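Trainee: Predicted structure and sequence below. I'll ask about it afterward.
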Amino acid sequence: MLELDELIMDFGGFRAVNGCSFRVEKGSITGLIGPNGAGKTTLFNMIAGALRPTSGRIRFLGEDVTGLASHQLFHKGLVRTFQIPQEFHRLTALENLMMVPPSQPGERLFANWFGWGRVRAAEGDVERRAYETLEFLELTHVAHERAGNLSGGQKKLLELGRTMMTDAKLVLLDEPAAGVNRTLLRKLESKIEILNKERGYTFILIEHDMEMIEKLCAPVICMAEGTVLIEGDFQSVRCNPQVLEAYLGETVGDAA
Ligand SMILES: Nc1ncnc2c1ncn2[C@@H]1O[C@H](COP(=O)(O)OP(=O)(O)OP(=O)(O)O)[C@@H](O)[C@H]1O
């Protein structure tokens, strides 16, 4: 589904990503781990079109998408969520979902041709889909609550919900577990699993929470100093001496 070929990202004289290559298979939940500063977010920014790589190629569904902007990738089904949820604070949870633009650029144009009756019907469809999404995420009780008042975990679920309002094929999740309490974390994990297994979403997940990585991800890719150290199943990555050295015995060592 996604192929990265020798991606490099320089910030001035500093090389944050240094020749990164890997493939993401359709239907997988690929975990991207690595110590702070390894280059994971920078890599996400390149894949999602927020940063143009200094060099290297990105192919998505067989098409060279290197350097395409985020909105162009969004319309192709590549969607990214953020470490810090980017909800509209003053809008309700429901409105936040309804704000997500349609996946296909033609949809709006067609809606205009249909006339007002059809536009209203289309809006009704969006509202129905938003309610279904809230129900799936077990957030119906906060549908009319301002998003700014939701808990950290509810905001993460809402962020996931916004990807469900599109016809996303590949979803990039940036630290979904950060700031989420244990109960909501289990819920978030189960929703990601259902979206993957039953609805066919492919995920790449940056995460420092090794429990979540172990539970959800195969394969796991470990980055350090801007490059891929190792790729494999969680156990083999966890026990790899280079990985343990990269973490200096912190997170992965503790999880092991
Ligand atoms: N816009 C930028 N300008 C200069 N340096 C940057 C920029 N963005 C990131 N970096 C540097 O690139 C390196 C990789 O950062 P990045 O945020 O990609 O790492 P990360 O693996 O996501 O870390 P973390 O797990 O802490 O989020 C870091 O040394 C960071 O300081």
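Mentor: Sure thing, it's come through.

Trainee: quick one, helices of the stretch 1-150 of the chain?
Mentor: 40-47, 70-75, 93-98, 106-114, 116-136 (DSSP state H, counting those that start in this stretch).

Trainee: ok, of the ones you listed, where does mean pLDDT dip lowest?
Mentor: Ranked by mean pLDDT, those end with helix 106-114 at the bottom, a mean of 47.

Trainee: if you skip the residues just before and after it, what's nearest to residue 214?
Mentor: If the residues on either side of it in the chain are set aside, residue 214 comes closest to residue 234, at 4.8 Å by C-beta to C-beta, 6 or more residues apart in numbering. C-beta here means a position set from N, CA and C on the backbone, and glycine is covered the same way.

Trainee: Distance of that neighbour relative to residue 240?
Mentor: When distance is defined by C-beta to C-beta, to the nearest Å, residue 234 is 11 Å away from residue 240.

Trainee: do the same with residue 184
Mentor: Residue 184 is 31 Å from residue 240, by C-beta to C-beta.

Trainee: what's the answer for residue 132, then?
Mentor: For residue 132 relative to residue 240 (C-beta to C-beta), the value is 42 Å.

Trainee: and what of residue 15?
Mentor: Going from residue 15 to residue 240 by C-beta to C-beta gives 23 Å.

Trainee: okay, now residue 90: neighbour count?
Mentor: 10 (other C-beta atoms under 10 Å).

Trainee: Settle this for me: it is touching residue 148, isn't it.
Mentor: Yes. With contact defined as C-beta atoms under 8 Å, residue 90 and residue 148 form a contacting pair (6.6 Å).

Trainee: Please name the bridge partners of the closest residue to residue 64 other than its chain neighbours.
Mentor: Distances taken as C-beta to C-beta, 6+ apart place residue 57 nearest to residue 64, at 6.1 Å, with adjacent residues excluded. Beta-bridge partners for residue 57, by DSSP bridges, are residue 5.

Trainee: That'll do, ta.
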